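> 3D model of this:
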Amino acid sequence: MKPRPNILLITTDQQRADCLGIAQSSHPVMTPHLDQLANEGIQFSRTYVDCPLCIPSRTTIMTGRSAYSHGVASNGHHRIPERPEDTLPGRLLASGYQTHAAGKMQFTPPRNRNGFERMRLVPEDYVNFLETTEFRGTYRGHGIGGNEVYPVFNSVPIPYTSTHWTVEESIDFLRQRDEDTPFFMWTSFEDPHPPFDPAESFVRLYDGIPISVPVQSDWSEGEASPEWVRARKRSHKLDVLPPHIISMARKHYYAQITHIDYELGRLFGEMKGQNLWDNTLVIFTSDHGEMLGDHGLFHKTCFYEPSTRVPFLLKPPKGYGGQLSPSEVVDTPITLADLYPTVLEYAGCLKDEDRNRDGRSLLDIESIRTERNWIFGYMNDRDGLYMVVNKDWKYLYYVCDGREQLFHLEIDPYEQQDLSSSAEYCRTQLLEMREALAGRFPELREEGIEGLCQLKRTESSYIETELTVANPFAWRGPMRYGGHW
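The predicted structure is shown next:
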């Protein structure tokens with residue numbers, strides 16, 4: 001009988017799928033340790049987040065359910081809608097695992113253990129740690145807020161950053177654990193989420209390296225774009241960002257990812273030094289992506305590829321076979337909900353009733369390929385944003401103004417051509433995906449309309465003057481004692 005594997009889950013916050021060195025994209029990101037992780041394991045290149053926002057995605061990781069199923073479809077003070085013993089760490093704890101959380105969790109209340117025996121949290125414990133040092137009061141002491149785009153340097157040296165601290169707390173757990181018991185550790189970084197405030201030395205690594213320009217599209221300008229896009233640009237001042245600020249923001253974003261990667265080199269080295277690496281399942285992913293200037297947008301909360309597609313790397317424990325091979329790149333679309341049953345199956349505690357959840361175990365990737373026709377997304381924002389996607393096509397629907405978008409991802413991976421009102425050849429595809437959306441979200445279907453499927457819509461609420469004076473993300477100063485974002 002094989003020993004049960006240790007499990008290390010690593011998440012970043014707001015990292016897009018193409019910002020890994022091994023992704024070979026236009027982004028010149030340096031991630032040697034994550035690239036090696038991909039070489040030893042499997043890279044799932046089409047991993048979608050069904051609700052691209054922090055708390056909904058983290059709830060999906062904890063429950064194996066989509067946001068539409070578990071009901072948390074926006075940020076805010078939401079408890080995990082699951083009994084503690086049925087969360088991912090709760091199930092593992094009941095099966096004899098030690099469970100530890102290090103970094104950003106965003107639970108409500110923050111100290112709710114939700115199946116974790118031990119927690120060391122960002123910002124709560126990290127800020128309290130800073131309060132014991134000469135850098136007290138300097139968490140975000142640069143004055144740039146948690147969702148602002150303008151670049152800045154971190155206000156503390158590398159050994160005092162939250163990225164370094166999160167790895168230190170992870171290593172500390174590894175040195176204190178019960179060596180006779182398998183462990184589940186969730187190491188969760190708050191970067192590369194804004195503020196884009198890496199330590200200056202990591203920014204200097206990218207000096208002299210060309211920074212790619214954002215993807216542009218005809219549909220993203222003026223009245224051609226959905227109201228949600230126009231409102232987001234105006235209210236968040238994205239439509240007035242000069243090119244040099246966008247370029248610097250992208251450079252700082254890359255630097256944050258590289259800092260995480262280099263710190264992971266320390267964590268992986270500790271595991272290898274303790275002879276833990278071979279018998280550990282390692283999964284790396286993110287809660288959602290970042291638009292990073294593409295189509296004139298920053299942040300997340302939309303279903304364009306940079307926002308809703310995330311990296312997903314899986315290194316199986318040595319000797320655990322399956323349908324996939326090391327260094328394989330899998331382009332079958334999967335979701336974050338698949339993480340829950342995958343981990344439980346590796347741990348030997350997957351139950352039959354878990355098949356009623358939205359996630360499917362990646363150990364049976366062939367079933368996912370043949371049985372999952374679509375991946376759906378739902379965002380509780382501006383009356384509702386919806387997505388239907390598969391390997392080749394993506395359909396988006398905005399309830400506010402009833403705007404549809406259709407992209408042929410196979411030939412247009414950057415979503416530059418909206419085909420929703422173009423050539424007749426894709427009309428059948430649009431109608432099929434509209435019908436699939438109404439089937440998944442029946443409240444969208446309009447009543448009393450004969451013939452073709454119609455979706456409900458609300459009237460435009462775009463008011464230029466109100467959006468111009470809005471400032472939802474700016475003006476955040478130092479944070480003390482674990483205050484909120």
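> can I see the domain layout of the chain?
6-374, 376-469 (automatic domain parsing).
> chain neighbours aside, what residue packs nearest to residue 346?
Leaving aside its chain neighbours, residue 346 sits nearest to residue 281 (5.0 Å; criterion: CB to CB, 6 or more residues apart in numbering). C-betas here are computed from N, CA, C, even on glycine.
> so which helix or strand takes in the one you found?
Counting by DSSP states H and E, the element that carries residue 281 is strand 280-286.
> and that strand, how far out from the chain middle?
Centroid separation between strand 280-286 and its chain, computed with CA atoms, centre = their mean, to the nearest Å, is 13 Å.
> one more: stretch 464-477?
That offset, for stretch 464-477, works out to 25 Å (CA atoms, centre = their mean).
> got the CA positions of that stretch in CSV?
Extracted in CSV, the C-alpha atoms of stretch 464-477 (Å, rounded to 0.1, in the frame of the first residue of the first chain):
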residue,chain,number,x,y,z
GLU,A,464,-20.9,59.9,-17.7
THR,A,465,-20.7,62.5,-15.0
GLU,A,466,-21.3,60.0,-12.1
LEU,A,467,-18.6,57.6,-13.5
THR,A,468,-16.1,60.5,-14.0
VAL,A,469,-16.2,61.6,-10.3
ALA,A,470,-16.2,58.0,-9.0
ASN,A,471,-13.0,56.7,-7.5
PRO,A,472,-13.7,53.2,-6.1
PHE,A,473,-10.1,52.0,-5.6
ALA,A,474,-7.8,54.9,-4.8
TRP,A,475,-6.5,56.6,-1.7
ARG,A,476,-5.3,53.9,0.7
GLY,A,477,-2.6,54.7,3.2
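> phi, psi for the closest residue to residue 5 other than its chain neighbours please.
With sequence-adjacent residues excluded and distances taken as CB to CB, 6+ apart, residue 5 is closest to residue 317, at 3.8 Å. Backbone torsions of residue 317, given as degrees, to the nearest 10, read phi -60, psi 150.
> quick one: the residue nearest to residue 346 from residue 105, how far?
To residue 105, residue 281 is 20 Å away according to CB to CB, to the nearest Å.
> one more: residue 416?
37 Å.
> more neighbours: which of the two?
Applying other CB atoms under 10 Å to residue 416 and residue 105 shows that residue 105 carries more neighbours, namely 23 against 15.
> so where's the stretch 351-485 of the chain uncertain?
423, 425, 448-452, 474-485 (pLDDT under 70).
> cool, and the stretch 1-150 of the chain?
1.
> change it to 90
1-3, 72-82, 108, 110, 137-138, 140-147 (pLDDT under 90).
> I figured residue 124 hits residue 107, correct?
No. Using CB atoms under 8 Å as the test, residue 124 is too far from residue 107 to be in contact (10.2 Å).
> same question for the strand ranked longest in the chain, mean pLDDT?
In the chain, assigned by DSSP state E, the strand with the most residues is strand 183-192. Strand 183-192 shows a mean pLDDT of 98 in the predicted model.
> could you give the angle of it to strand 280-286?
Put simply, strand 183-192 runs at 20 degrees to strand 280-286, going by axes from the mean of the first three to the mean of the last three CA atoms, to 10 degrees.
> next secondary structure after strand 183-192?
In N-to-C order, the element after strand 183-192 by DSSP H and E is helix 200-204.
> who does that next one touch, helix- and strand-wise?
Using 3 or more CB pairs under 8 Å, 6 or more residues apart in numbering; DSSP states H and E, the elements in contact with helix 200-204 are helix 243-273.
> mean confidence for the helix it packs on?
Mean predicted lDDT for helix 243-273 stands at 98.
> again, but for stretch 196-203
Mean predicted confidence for stretch 196-203 is 97.
> format the CA atom coordinates belonging to that stretch as CSV.
C-alpha atoms of stretch 196-203 as CSV (Å, rounded to 0.1, in the frame of the first residue of the first chain):
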residue,chain,number,x,y,z
PHE,A,196,2.1,46.8,-8.1
ASP,A,197,4.8,47.3,-5.4
PRO,A,198,7.6,44.8,-5.8
ALA,A,199,11.0,45.4,-4.1
GLU,A,200,13.1,47.6,-6.3
SER,A,201,15.8,45.0,-6.9
PHE,A,202,13.2,42.7,-8.7
VAL,A,203,12.2,45.6,-10.9
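> return the distance of that stretch from the chain's centre.
The answer for stretch 196-203 is 21 Å, by CA atoms, centre = their mean.
> give the buried residues for it.
196, 197, 198, 199, 202, 203 (16 or more other CB atoms under 10 Å).
> for the last one, which non-adjacent residue is spatially closest?
In space, not counting the residues next to it along the chain, residue 203 is nearest to residue 255; the distance is 4.5 Å by CB to CB, 6+ apart.
> now the helices for the stretch 301-450 of the chain?
305-308, 339-347, 365-371, 427-440 (DSSP state H, counting those that start in this stretch).
> pick the most buried one from those.
helix 305-308 (a mean of 26; mean count of other CB atoms under 10 Å).
> run the chain-centre distance for that helix.
Worked out by CA atoms, centre = their mean, helix 305-308 lies 9 Å from the chain centre.
> which residues does that helix contact?
Contacts to helix 305-308, defined as CB atoms under 8 Å, 6 or more residues apart in numbering, come from residues 16-18, 48-49, 52, 215, 288-292, 294, 297, 299-302, 377, 387, 394, 409, 413-415.
> repeat for stretch 429-439
373-374, 376, 386, 388, 393, 395, 397, 404, 406, 419-420, 444-445, 452-453, 455.
> list buried residues within those.
Buried among those by 16+ other CB under 10 Å: 374, 376, 386, 388, 393, 395, 397, 404, 406, 419-420, 444-445, 453, 455.
> follow-up on the earlier one: and the strand holding residue 281, what does it pack against?
strand 6-13, helix 32-40, strand 312-315, helix 339-347.
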